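Engineer: let me see the structure of the following:
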Amino acid sequence: MTTTTVMPGRRRRPTNGRRGRKSEPGLRVGSRGLTVALLTPAGIIMTALIGVPAVFLLFTSFTNYDRRALFTGEFSVTGLQQYVTALSDADFWMSLARTFVFSAALVAGSVLAGMAVAQMMTKLGTVMRYVVTFVLIFAWAMPNVASSVVWNWLFQPGYGVVNWLLTRLRIFGDMQNTAWSNNTWLAFVCIWMLVVWQAVPYIAITLYAASTQLDPSCVEAAQLDGAGPVRIYWQIIVPLIRPSIMMVTMLSMIWDFNIFNQIWLVSQGGPDGSTSTIGVFTYSTAFVDFNIAQGAAVSVITVIVLLGLTSVYIRSLLRSGEDL
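Structural biologist: Predicted structure coming up:
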C-alpha cells in the first residue's frame, strides 16, 4: 500500500489527468471560433428565411415582374417606376390613411384592455389568478387564422350566435340576418373586437409581470397619504411600468399595422374596398391583380413607414434613459 505524504507549508499541484499538467479554469483558446461555429446554423437559417426573401423583394420592386414573368422568367428593370406609380395611386393613400386610423384604434383598445386585465390580476387570489392566466395563454396560443374563421361564424347572418343574442336582447332591433361584412362600420367593429381579443393576453401578462416587480412601499406611502385606488394606479403604478407599456404599445403598432388575416377572412377588404388596409391592398395588388412588382414596392414603402415608427420608440427610450 502506497501512502502520500504532504509536507507542511506546501500544496499539491492539481493535475488534470496527466502528470505535470496544470488544470485550466476554462476554454480560452479558440473560443471565438467556437462561438462562430455555434451561431453558424442559426445564421444560415435566418439568411435563408429572412435575408434572401428581403433582397429579392427589394430587387423585384425595381422591375416589372408580373404574372408573365412567373412562367417565362422574362422581366426588365424599370428603376423607380413602381414607386412613382404607387405613390401616385389614390387607393394606396386611402388604404394607408385607413391603416393609420384603424391601427390607432386597435392599439388604444388592446393596450387599455390589457392594462385593465393586468391590474385585475393583481387583485385576484392565487387560484383565480392561475385560472385567468391559463385562459389568457390558451387564447393567445390559438392561431389567428383558426380564431378568425370561428369569429366570422359567430357573426354570420341567419345562424350567427352574436346576431341571435343581439336580437334576443332587443337592443338594436332584429339583427338575425345582418351581414356584418357588408357594412363598413360593422365590419370594422367586428375586426376590431377580434384583433383586440387576440392582443389582450400578451399585453395583460406582460404588464402584470411588470406590476409584480414594483416596490410595494410606493403604493403603501400613497395609501397613507389618502390616495384612492384610481389615483394610485394612474399616478404611481402607470409611471413605474411606463417602459413596459411603451414596449407593448410599440409592438402592438407594428403588429396592428400589418394585420391581414383577420381583415381578409372577415371582410376581404370589402365592401368595395372600404376596409382595405395597407396589408390587404398589398396582397390584392401582388396576388389578385398579379402586379407583383407593384406589390413589392408597396411592401418596401410599408417597411420604411414601420422603421419610422420604430425610430420614434427608440428615441423615446433614449430620452428616458432606458436600456435598449
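Engineer: and for the closest residue to residue 186 other than its chain neighbours, the neighbour number?
Structural biologist: With CB to CB, 6 or more residues apart in numbering as the criterion, residue 186 has its nearest non-adjacent residue at 4.3 Å, and that residue is residue 180. C-beta coordinates here come from the backbone N, C-alpha and C atoms, glycine included. Neighbourhood size, residue 180 [other CB atoms under 10 Å]: 23.
Engineer: residue 306 too?
Structural biologist: Taking other CB under 10 Å as the definition, residue 306 ends up with a neighbour count of 14.
Engineer: would you mark the buried spots in the host helix or strand of it?
Structural biologist: Counting by DSSP states H and E, the secondary-structure element that holds residue 306 is helix 292-320. Of the residues in helix 292-320, 292-302, 313, 317 count as buried by neighbour count, 16 or more other CB atoms under 10 Å.
Engineer: cool, stretch 217-224 as well?
Structural biologist: Judged by neighbour count using 16+ other CB under 10 Å, the buried positions of stretch 217-224 are 219, 222.
Engineer: assess the claim that residue 294 and residue 285 are in contact.
Structural biologist: Yes: using CB atoms under 8 Å, residue 294 is in contact with residue 285, at 5.2 Å.
Engineer: just to revisit the earlier point, what's the helix holding residue 306 packed up against?
Structural biologist: Other helices and strands packing on helix 292-320, by 3 or more CB pairs under 8 Å, 6 or more residues apart in numbering; DSSP states H and E, are helix 52-60, helix 67-72, helix 81-87, helix 242-257, helix 278-283.
Engineer: now do the residue nearest in space to the middle of the chain against residue 193, distance only.
Structural biologist: Within the chain, the residue whose C-alpha comes closest to the C-alpha centroid is residue 255; the distance, by CA atoms, centre = their mean, is 4.1 Å. For residue 255, the distance to residue 193 equals 16 Å [CB to CB, to the nearest Å].
Engineer: coming back round to it: ok, the residue nearest to the centre of the chain - contacts?
Structural biologist: The contact partners of residue 255, taken as CB atoms under 8 Å, 6 or more residues apart in numbering, are residue 199.
Engineer: which positions within whichever strand or helix holds residue 263 qualify as buried?
Structural biologist: According to DSSP H and E, residue 263 maps onto helix 261-266. Residues of helix 261-266 classed as buried: 261, 262, 263, 264, 265, 266 (neighbour count, 16+ other CB under 10 Å).
Engineer: which residues belonging to the longest helix seen in the chain are considered buried?
Structural biologist: Of all segments of type helix in the chain, defined using DSSP state H, the longest is helix 90-123. Using 16+ other CB under 10 Å as the burial criterion, the residues of helix 90-123 that qualify are 92, 95-96, 98-99, 102-103, 105-107, 109-111, 113-115, 117-119, 121.
Engineer: all set now, cheers.
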